[in-house]
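**Q** curious how this folds, go ahead:
(2 chains)
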Amino acid sequence: MPNRLRLLLGAYGPALFVILFGVGFTLIVLVLAWLEQRGLSQRWIGYTFLFLTLLVFSLVGLFTRTSDVAEYFVAGRRVPAVYSGMSSGTDWLSAASFIGLAGALYQSGYQGLAFVIGWTGGYVLLALLMAPYLRKFGQYTLPDFLAARYGGQGIRLIGALAVILASLIYVVAQVYGVGLITSRFITLQFEIGVYLGLAGVLVCTFLGGMRALLHAQAAQYVILLIAYITPITILSFDRTGIPAPPVLYAKAMHQLVDLENEVFNRPEEVAVRALYAERADRLASQIEKLPGSLAEERTRLSDQIERMKSTDASVREIVQVERERRSLPATPQLAHAKWRDDLKEARHRSEPPVTDLESFALPEEGNSRANFLALIFCLTIGTASLPHLLMRYYSIASVSQARRSVFWSLFFVALVYLLAPAYAVFVKLEVLQHTIGVPVESLPAWVNAWTKIGLVSIDDINHDHLLQWAELTINPDVIVLATPEIAGLPYVISGMVAAGGLAAALSTAEGLLLSITSALSHDIYFKMLRPDASSSWRLIVSKSVMVGVAILAASIAVQRPASIVDMVAWAFSVAGSALFPALVLGVFWPRANCAGALAGMIAGLAVTIFYIARVEFDSIPLMGWYGIGMNPWFGIDAAAAGIYGVPVGLVTNIVVSLLTKPPGPESQQFIERLRYPRILYNRDASPVRSPDA
Amino acid sequence: MPDLSPLRLQQKRYWQKTLWLTGTLLVIWFLVTFAAPFFSVSLNEWTFLGLPLGYFIAAQGSLIIYIVLIGLYAYLMNRLDRQFGVDEQ
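**A** Numbers count the residues shown, from 1 in each chain, chains lettered A, B, ... in the order given. Predicted structure coming up:
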């Protein structure tokens, strides 16, 4: 009997686990809602959700702990397609998808859809070009594949470095998301929130590796989906009477566009934009006249303060100018960097905003179309080469299951993505209706709450004490998290969304940590430095490496290097330009050889990093580099750096391969093996199934 | 030494069919991913479910097509494997 029970649980276990977990989570939300009515404070609701989320991961980690290498890295390779699809879908749904996507759509309308197309379109490349072949190869890591195909330790090292770099940028973005959520919802300091979140991730992956990841991520998917669907459904039901927002937001969309057309053309909006254009011109001339202009600016402000003191200006106004003087950059180099950023922002604000349905209507239509397509290119290619996602396909039972698993994975991802445009539309409508034209003193409470942690800012440039659209900056990462507050829903919904965001950020961080760890401990340590290490020692090394990497990621994240969506886009460009050509040519072009792959990876990576660094940053104080900023080539943003990196990598790979000796027979045999899910050793006429194959 | 055994030819045919399927699906993928956004301004003249077509394709249509493409690939490839007897048992 117990045997039969175990069999039954084995088959339906995963489904049962997911359903039970969903019911449990809903019950907890309901209980908390009831307690909120009884006067439970917001802070405690926040704590409950946070610790609940962390508790789930720790428990899963504890129950699935393992010290077997194959279990740890690839979950024993016997995971069914639907379950692994759900779990790798959660791996995929990062803070950028959960928090950032709707925000990007809010901020840039049609332009933001590049993320929807890119992040899902990449799955097609993943399914057709990567997943089945990687599964057929069936080892532990991507560098394993590169080394087996091309031969040699050099390619393994470069591959491992590319994996580490891309995953590290990506994990920093996730950790940043964790800090954002905890600092808003349980008013922890940003830094403490970051470390606390990481601790939760570590407990889970530390103990159980890929096996724990699988189960934890299935649970996280449940939290994530409920948290994403609930607020937008309530909001849309409340505003339109239709509780099915994802497909039926057309009416709200038209209402929004009408309102946008009206608001953006108001005379005060036009006047405010003209003020920003003036500010931009002033900054541009200041940057040109550096270093003299910095001293000039200081004297100008000092004079102004003197003048104000002699007339009877209010203390508040004087303090404001003094603060402005104090915040002047200390050196001309810093001033160059700061003013360059300010100039970008002022220029952006001075441009007439685009309504949500307009495609490519920004200043130059051709330019924004080119950026849109370039970003899609980078995101699709990047999706198909992100190591933490590709690694998942090693853990699946068979090639045919791998093909199905990609399908399920995209299916579960799509459930979330289909809702993102609705978020953007409903929230923008609320913001336009309830904040624009309202006196600055009497704005809704959420504006204040988010201003406090620096994610919403109001700059009353025309001093009319009324808010204009161009004066309001909302960091796009706020949109989803603030939706319940903006819509006036109970706080428990906010807490639930925060828990969803946490689940998204943490689940992706887990996958990324595992991929960095395996690159370091498996590829660099075990395969290159100490091939004689015992398997228990390898696990000890990889677990200690994981702690180190987590601390490194957290300490980068607390510097707040850039917004979530930007960092994620860089990770895609890096992964795509380094890994995509080598992987795809490795499967489909037998002539590609080691020299070509090495040269291609290095060239692609170099171009991408060079472009991101110089377009995005003017100075990197850590390296002592100042004034390195350059104008983008053909106006393509740093986010789409891969548009140059990937082709350079691909062409270099092909050219160098053709110029050098063709690869030996081993790699021909290797490719042959990859192509057929099962090799027919039977050299007879027809391919009859042999029972022992 | 060219290997002309029937098994070898069989494997070649399997691989060619795989390439064909992959290529065809990738062409559709390319049209949805790059051509549709490129022409979205003109596509916007039609409407679908109350939204301009160009917007709808980018926001929801492309996603649904991708799911169909991947599903189709998985189904057809797994069938091809069985036909050629190269499936894992």
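**Q** got the buried residues for the strand or helix carrying A:S167?
**A** Taking DSSP states H and E as the definition, one finds A:S167 inside helix A:153-185. Across helix A:153-185, burial judged by 16 or more other CB atoms under 10 Å in any protein chain shown covers A:154-185. Any C-beta I mention is one placed from the backbone N, CA and C, and that applies to glycine too.
**Q** same question for stretch A:378-389.
**A** Of the residues in stretch A:378-389, those buried (16+ other CB under 10 Å) are A:378-389.
**Q** ditto for stretch A:661-681
**A** Applying a neighbour-count criterion of 16+ other CB under 10 Å, the buried positions in stretch A:661-681 are A:663, A:667, A:670-671, A:674-678, A:680.
**Q** run through chain B and note the low-pLDDT ranges.
**A** B:1-4, B:89 (pLDDT under 70).
**Q** pick out the residue closest to the middle of it.
**A** Within chain B, the residue whose C-alpha comes closest to the C-alpha centroid is B:L25; the distance, by CA atoms, centre = their mean, is 2.0 Å.
**Q** max-length helix in chain A?
**A** For chain A, the helix reaching the highest residue count under DSSP state H is reported as helix A:190-240.
**Q** that one vs helix A:153-185, what angle?
**A** 70 degrees (axes from the mean of the first three to the mean of the last three CA atoms, to 10 degrees).
**Q** sec struct for the closest residue to chain B within the stretch 401-550 of chain A, please.
**A** Across the stretch 401-550 of chain A, the shortest distance to chain B (CB to the nearest CB) belongs to A:R403, at 3.9 Å. Secondary structure assignment for A:R403 (DSSP: H, G, I helix; E, B strand; the rest coil): helix.
**Q** how about the nearest residue to it, chain neighbours excluded?
**A** Sequence neighbours aside, B:A74 is the residue nearest to A:R403 in space, at 3.9 Å (criterion: CB to CB, 6 or more residues apart in numbering or on different chains).
**Q** where does pLDDT dip in chain A?
**A** Using pLDDT under 70, chain A drops low at A:1-14, A:64-79, A:204-205, A:207-209, A:243-247, A:360-366, A:618-628, A:679-693.
**Q** if you set the cut-off to 50 instead, what comes out?
**A** The model of chain A has pLDDT under 50 over residues A:1-2, A:8, A:682-693.
**Q** how close does the most centrally placed residue in it get to A:G635?
**A** The centroid of chain A falls nearest to A:A96 when counting by CA atoms, centre = their mean (3.4 Å). With distances defined as CB to CB, to the nearest Å, the gap from A:A96 to A:G635 amounts to 24 Å.
**Q** and for A:M86?
**A** Using CB to CB, one gets 40 Å for the distance from A:M86 to A:G635.
**Q** more neighbours, these two?
**A** When neighbours are counted by other CB atoms under 10 Å in any protein chain shown, A:M86 and A:G635 differ, and A:M86 comes out ahead with 25 against 14.
**Q** for the more buried one, identify the helix or strand it belongs to.
**A** Remark: A:M86 resides in helix A:81-92, with elements defined by DSSP H and E.
**Q** what's the neighbour count on the residue lying closest to A:H215 once chain neighbours are set aside?
**A** Among residues not flanking A:H215 along the chain, A:V60 sits closest, at 5.0 Å (CB to CB, 6+ apart). Look at A:V60: counted by other CB under 10 Å, it has 25 neighbours.
**Q** ok, now A:L579?
**A** By other CB under 10 Å, the residues close to A:L579 number 33.
**Q** wait, what's in contact with it?
**A** Neighbour list for A:L579: A:142, A:159, A:162-163, A:166, A:385, A:387, A:601 [criterion: CB atoms under 8 Å, 6 or more residues apart in numbering or on different chains].
**Q** going by distance to chain B, which of those wins?
**A** Distances from chain B to those, taken by CB to the nearest CB, are shortest for A:S385, at 16.0 Å.
**Q** please identify which helix or strand holds the residue nearest to B:F39 when sequence neighbours are not counted.
**A** On the basis of CB to CB, 6+ apart, the spatially nearest residue to B:F39 that is not a chain neighbour turns out to be B:G54, at 7.4 Å. Element membership of B:G54 [criterion: DSSP H and E] is helix B:53-56.
**Q** that older thread, so what's the residue nearest to the centre of chain A closest to, chain neighbours aside?
**A** In space, not counting the residues next to it along the chain, A:A96 is nearest to A:V568; the distance is 4.1 Å by CB to CB, 6+ apart.
**Q** for the residue in chain B that chain A sits nearest to, grab the count of nearby residues.
**A** For chain B, the residue closest to chain A is B:G50, as judged by CB to the nearest CB, at 3.0 Å. Look at B:G50: counted by other CB under 10 Å, it has 13 neighbours.
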